[in-house]
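J.: here you go, sequence then predicted model.
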Amino acid sequence: MSDVLVFKDTEAARSELRQFLLALGCLAFVFAAVGTGTNGADAFAKDIILVFCGGWCANQLIRGPEVFKSQVICVLQAYLIGILCCSVLLFVVGWMIFLPGEYTNLGHSLLLAATFSTNLGLVFFPVDTGMRFDGLFDHLWLPALIGQCCVILSLLYWLFAKNSTRMVAAMILLAGASLMFSVMDRGPAQLLPIGGLWAFLFGAMPFILRNRFRVLEYATLIGVINSVAGVVVISAAGDTMFARALIAFGIAFLYLSSRPRTSRQEMTDMRRRWFGMMLHTFLWAVPLAQLTAALSISEQTKLDYVLLIIPCLLFSIFSWAIWQHFEQRIGSNQFVIRAIVSAVLFINGMIGLSTQGLQIRFPDSAQAYIHALDSDNTNYGCPMMTEGPLAGLEVCKFGPDGPPKALIWGDHQLRAIRTGYAEAARRAQISTILISQPNCIPLDGLQSRFSALSPLSGRDCDQHSAQVLQALGHLKSIRQVTLVADWAYYLGIRNAELFRPTPVRLGPMDGSPIDLARQSNYVTDAATGTLQAMANLGLRVSILRQVPAQPRFDAEMAARSSLPGVGLYFGMPSLSNSVSIEEASDLNAKADDLFTRLAAIGQMTYVNSWGAFCTSNRCDARGGLSSDYITSTRLSPSGALALTPILEADLKRALTHVPYKRALDS
């Protein structure tokens, strides 16, 4: 046992220990950069990196202010040049292939990265993420946290430089408070110094203790004992903060014992180069992963990390070589170089923040689709009713003031064309109310079932439909009801969309098992029953024929295919902004058969919307300066306005219709 616990204080032993710690540090940087999907691995990576950085910072402080200043400037240069190279790549590549909306938060992220405040931004100033630049620089919260902890340790060192006992006591108090806070709160505060300072100070403490106590000759033994104890605790009690603290403290002493007893400049330069390569690899990992995911159109959820290894290393070497060029220049002012790079990066962020992608740079062929995507982001929320039979529902009111004469009831298709209904109600001078609920079929007598990933509950849809139908009996001024829905979605037409949405399962309300093969029959029975219930109330009912599907169209994909860098995309689908009238009719055949039959027996009026988009031989997704479609079946505001004459004619039927039963009731 004595032979096992005796560690030889030789350069060979320290070299082997350094190799082990280098491998451990590289593994921690990989986990921190790309993550593993588990909180334990991410926490392990953060703790190990903070321990190493705390020990490094304390070691440089002990060597004197001039050494500390030169080393810090070196690190800042490596970090800022790496971020600058990343941002240049994003602007160059993005200039060719990305849409303007994707740049919305890139400038914000660059400003936070340039000022070492990414962690503060994630906690206190979160922003809505973009499409392809989603979380691109979020992993830079770790360098920001390291920089902030380094400032705290530097202040402690310079404040208690003449009294190492007080310095150690202050470090123990701060580390203990931070550790206790981490035990109580494992939320976003872990990104701040209050949650991560303990690991940084644990790494710094052995170097500070070395000047006061004889810990250097026992550092390896202390490190091994603490590390083994931490592993035993994890095996027995799981991943606890106490176990992580033991491992962190053990690694800190192992790091101290691996340091050479005499300082050599060539060793310092070599370690600096190794650290620079590791840092630049860390900086490039996530941006390249995001770019790879962005360029994979058809399989956005799959990412082959093996394909990232070579470009990550190449770009890391590129930015590392630029840093080495500035670092090794003799006679140059290193602080001025760092300030210039920081200023350029800051200006780069300001440009990205202010221009929002410079839409003028896109060709005219892409502008129509970009305009449709931008207009789709407008908030069309309706006010929620607080009283009456519609209380709790979002209801839009269009047309002149007064009791409503027409009710438009629908799903996400109705939300997309509400602009057209607003204009139609204004022209027809018909007081109109509009009620919509995305993905909820506007029929009674059906139960809806959504996938576990959907935020919507099927029961919410069922209750929504029941309340609307019950309210019709109390809204005496209503003369006409129009139903608008994505009928292809509910009837299970698989090839109507370029990107098929998650299907909804529909079934009868009697509790019998849902048979997917009979979903069309369920919709037919529900439509017949709903129309009969409205007819019993003396209401005139019309159903808007669903706009012709464009199975090979999507506005976002169409915009990307119009950009110069379309060849860089992997899996770009075959697109078309038109469809033959025969193919469109085949896709809509189930809905047409259902509602044409009901219209033939006088239960409703089938309003044909196709005249706004179709000629005698084809239907187009683009009709002007903006795309009329956003997805294969969902209209843009310009497409909704193209329907205005058709919708106006339908609304005017309310002026000539007098509910027979309601006249008797009155």
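T.: Received, thanks. Residues are numbered from 1 along each chain as shown.
J.: CA atoms for contacts and neighbours, from now on please.
T.: Noted.
J.: what distance separates stretch 232-245 from the centre of its chain?
T.: Centre-to-centre, stretch 232-245 and its host chain are 32 Å apart (C-alpha atoms, centre = their mean, to the nearest Å).
J.: quick one: end-to-end distance for that stretch.
T.: End-to-end distance of stretch 232-245 (C-alpha to C-alpha, to the nearest Å): 13 Å.
J.: list the buried residues in that stretch.
T.: By 16 or more other C-alpha atoms under 10 Å, the buried positions in stretch 232-245 come out as 233, 234, 239, 241, 242, 243, 244, 245.
J.: and if you look at stretch 588-605?
T.: Judged by neighbour count (16+ other C-alpha under 10 Å), stretch 588-605 contains these buried residues: 588, 590, 591, 592, 594, 595, 598, 599, 603, 604, 605.
J.: the last one contacts residue 541, correct?
T.: Right, residue 605. Yes. Checked against C-alpha atoms under 8 Å, the pair residue 605 and residue 541 is within contact range at 6.4 Å.
J.: can I get the buried residues of stretch 232-245 in a markdown table with secondary structure?
T.: Below are the buried residues of stretch 232-245 laid out as a markdown table (DSSP: H, G, I helix; E, B strand; the rest coil):
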| residue | secondary structure |
| --- | --- |
| 233 | helix |
| 234 | helix |
| 239 | coil |
| 241 | helix |
| 242 | helix |
| 243 | helix |
| 244 | helix |
| 245 | helix |
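J.: and which of the residues you listed is nearest residue 527?
T.: Distance to residue 527, by C-alpha to C-alpha, is smallest for residue 239 among the buried residues of stretch 232-245, at 56.1 Å.
J.: report pLDDT for the closest one.
T.: Residue 239 carries a pLDDT score of 67 in this model.
J.: same question, residue 457
T.: pLDDT for residue 457: 67.
J.: again with residue 152
T.: If you check residue 152, the pLDDT there is 93.
J.: same question for the one 5 residues further on.
T.: Note on residue 157: pLDDT of 89.
J.: residue 527 now?
T.: On pLDDT, residue 527 comes in at 92.
J.: can you tell me the closest non-neighbouring residue to it?
T.: Ranked by C-alpha to C-alpha, 6 or more residues apart in numbering and with sequence neighbours excluded, the top spatial neighbour of residue 527 is residue 443, at 6.2 Å.
J.: and if you look at residue 564?
T.: Residue 564 sits nearest to residue 96 (C-alpha to C-alpha, 6+ apart), 5.5 Å away.
J.: can you check residue 563 too?
T.: Distances taken as C-alpha to C-alpha, 6+ apart place residue 97 nearest to residue 563, at 5.8 Å, with adjacent residues excluded.
J.: about what we covered before: what about the buried residues of stretch 588-605, which are in helices?
T.: 590, 591, 592, 594, 595, 598, 599 (DSSP state H).
J.: just to revisit the earlier point, where does the residue nearest to residue 527 land in three-state SS?
T.: Three-state call for residue 443 (three-state DSSP): coil.
J.: what does residue 518 give?
T.: Following three-state DSSP, residue 518 is assigned to helix.
J.: roughly how far apart are it and residue 411?
T.: From residue 518 to residue 411 the distance is 22 Å (C-alpha to C-alpha).
J.: of the two, who's got more company?
T.: With other C-alpha atoms under 10 Å as the criterion, residue 518 and residue 411 differ in neighbour count, and residue 411 comes out ahead with 20 against 13.
J.: quick check: phi and psi on the more buried one?
T.: Per-residue torsions, residue 411: phi -120, psi -140 (degrees, to the nearest 10).
J.: surely it meets residue 437?
T.: Yes. With contacts counted by C-alpha under 8 Å, residue 411 reaches residue 437, the gap being 4.7 Å.
J.: mind listing the shared neighbours of those two?
T.: Here residue 411 and residue 437 share no contacting residue, scored by C-alpha atoms under 8 Å, 6 or more residues apart in numbering.
J.: quick one on the thing from earlier: what's the closest of the buried residues of stretch 232-245 to residue 556?
T.: Nearest to residue 556 among the buried residues of stretch 232-245: residue 239, at 43.9 Å, using C-alpha to C-alpha.
J.: tell me, how many residues neighbour residue 60?
T.: Using other C-alpha under 10 Å, residue 60 has 18 other residues around it.
J.: in a strand, it, correct?
T.: No. Applying three-state DSSP, one finds residue 60 to be helix, outside a strand.
J.: thinking again about what came up before, hmm, which of the buried residues of stretch 232-245 is lowest in pLDDT?
T.: For the buried residues of stretch 232-245, the weakest pLDDT value sits at residue 239, with 67.
J.: might one say that the residue nearest to residue 527 is in contact with residue 467?
T.: No. Judged on C-alpha under 8 Å, residue 443 makes no contact with residue 467 at a distance of 11.2 Å.
J.: residue 483 is in contact with residue 413, isn't it?
T.: No. Assessed by C-alpha under 8 Å, residue 483 is found out of contact with residue 413, at 10.3 Å.
J.: any common contacting residues for these two?
T.: Here residue 483 and residue 413 have no joint contacts, going by C-alpha under 8 Å, 6+ apart.
J.: how much space between residue 593 and residue 586?
T.: 11 Å.
J.: now do the contacts for residue 297.
T.: The neighbours of residue 297, taking C-alpha under 8 Å, 6+ apart as the test, are 569, 570, 571, 572, 573.
J.: ugh, wrong one, I meant residue 545
T.: For residue 545, the contacting residues are 484, 592, 606, 607, 608, 609, 610, by C-alpha under 8 Å, 6+ apart.
J.: just the pLDDT at the fifth one, thanks.
T.: Reported pLDDT at residue 608 in the predicted model: 95.
J.: so it is in contact with residue 592, correct?
T.: No. Between residue 608 and residue 592 there is no contact under C-alpha under 8 Å: 10.2 Å.
J.: name the helices or strands packed onto the host helix or strand of residue 645?
T.: Residue 645 is located in helix 644-651, with elements delineated by DSSP states H and E. Contacting helix 644-651 under the criterion 3 or more C-alpha pairs under 8 Å, 6 or more residues apart in numbering; DSSP states H and E are the following elements: helix 418-428.
J.: ok, residues contacting the next helix or strand after the helix it packs on?
T.: Counting by DSSP H and E, the next helix or strand C-terminal to helix 418-428 is strand 432-436. Under the contact criterion C-alpha under 8 Å, 6+ apart, strand 432-436 has outside partners 393-399, 404-412, 414-415, 418, 425.
J.: okay, now the unreliable bits of the stretch 451-600 of the chain?
T.: Applying pLDDT under 70 to the stretch 451-600 of the chain flags residues 452-457.
J.: contacts only, for residue 84.
T.: Taking C-alpha under 8 Å, 6+ apart as the criterion, residue 84 is in contact with 341, 344, 345.
J.: surely residue 560 meets residue 98?
T.: Yes. Assessed by C-alpha under 8 Å, residue 560 is found in contact with residue 98 at 7.1 Å.
J.: so residue 225 makes contact with residue 251?
T.: No. At 10.2 Å, residue 225 and residue 251 do not qualify as touching, with contact defined as C-alpha under 8 Å.
J.: who's more crowded, these two?
T.: residue 251 (27 against 16).
J.: pretty sure that one sits in a helix.
T.: Yes. Counting by three-state DSSP, one finds residue 251 located in a helix.
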